[in-house]
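Next one to model:
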Amino acid sequence: MLVCTVLAVLFGSAGTGWPQSAAPTAPPQLGVQQQGPQAPPPNASPAQAVPAAREENPGLINEMGKLFDRLPSILPPLKSPGETIDELNAKARDAAKDAGDALSRLAKPASMVSGRVACPVSPNGAPDCKQAADTLCQGKGYKEGKSLNLDSAEKCSVKVLIPGRQRKPGDCRTDTFVTTALCQ
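Here you go, the predicted model:
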């Protein structure tokens, strides 16, 4: 019976109980008063003690969340691995075709042709022998050419042949001819 009495005293009787979560009290102040907002009085209701819910927190985490929400509209859609491989294969095919075309152009042997085509005089007074080499090669069935041998001749008017007449600067001119060209 003594045990029952001790247990009843320790745990209290059925009608009474220990107080449930009493409001915490502020630690005693030792002569120092706190400046700023005052704590609510101990007899205030719990609804008054809870601050009003804040609207939106403009912090870093919140802003990053907004960025991740907008991310699908900012970035282009990702391709599937199959689409990426197909695109790479198409690019490789095009590059191989271009390389083959370049090699076929290089593989055609160049031919050397002979003839005689006058080089036209360009506006600056110099002969344009590239055009004459192209003309010589096109006459032989090729596309273009490069001059290898040139020939020059002085062509004068008949006035120079008159006895006793002095030669003037405009009486003669030098003509240049392409005689050999490398054609492709």
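
show me where this protein has helices.
For the chain, the helices defined by DSSP state H occupy 2-11, 46-49, 60-74, 81-107, 129-139.

okay, those in JSON lines with mean neighbour count next?
Heads up, the C-betas are built off the backbone N, CA and C, glycines and all. Shown next, in JSON lines, are the helices of the chain (neighbours: other Cβ atoms under 10 Å):
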{"stretch": "helix 2-11", "mean neighbour count": "9"}
{"stretch": "helix 46-49", "mean neighbour count": "9"}
{"stretch": "helix 60-74", "mean neighbour count": "9"}
{"stretch": "helix 81-107", "mean neighbour count": "10"}
{"stretch": "helix 129-139", "mean neighbour count": "19"}
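
any chance of these in CSV, with mean pLDDT and distance to residue 115 too?
Shown next, in CSV, are the helices of the chain (pLDDT from 0 to 100; distance: least, Cβ to Cβ, whole Å):
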stretch, mean pLDDT, distance to residue 115
helix 2-11, 50, 128
helix 46-49, 53, 110
helix 60-74, 80, 67
helix 81-107, 83, 24
helix 129-139, 92, 5
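
With distance to residue 145 added, can I get the ones you listed in CSV?
Formatted as CSV, the helices of the chain follow (distance: least, Cβ to Cβ, whole Å):
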stretch, distance to residue 145
helix 2-11, 118
helix 46-49, 100
helix 60-74, 57
helix 81-107, 15
helix 129-139, 3
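
Ok, which of those comes nearest residue 171?
Taking Cβ to Cβ, helix 129-139 is the member of these nearest to residue 171, at 24.3 Å.

which helices and strands sit right next to the closest one?
Counting contacts by 3 or more Cβ pairs under 8 Å, 6 or more residues apart in numbering; DSSP states H and E, helix 129-139 packs against strand 111-118, strand 145-156, strand 172-183.

Deepest-packed of the ones you listed, please.
Most buried of the helices and strands packed on helix 129-139, by mean neighbour count (mean count of other Cβ atoms under 10 Å): strand 172-183, with a mean of 18.

As CSV, the helices and strands packed on helix 129-139 with mean pLDDT and distance to residue 97 would be great.
Listed next are those as CSV, based on pLDDT from 0 to 100; distance: least, Cβ to Cβ, whole Å:
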stretch, mean pLDDT, distance to residue 97
strand 111-118, 92, 27
strand 145-156, 91, 28
strand 172-183, 92, 26
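
So which of those strands is nearest residue 134?
strand 145-156 (5.5 Å).

for residue 171, what are its contacts?
156, 157, 159, 160 (Cβ atoms under 8 Å, 6 or more residues apart in numbering).

can I get the residues you listed in CSV with distance to residue 126?
Formatted as CSV, those follow (distance: Cβ to Cβ, whole Å):
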residue, distance to residue 126
156, 20
157, 22
159, 26
160, 24
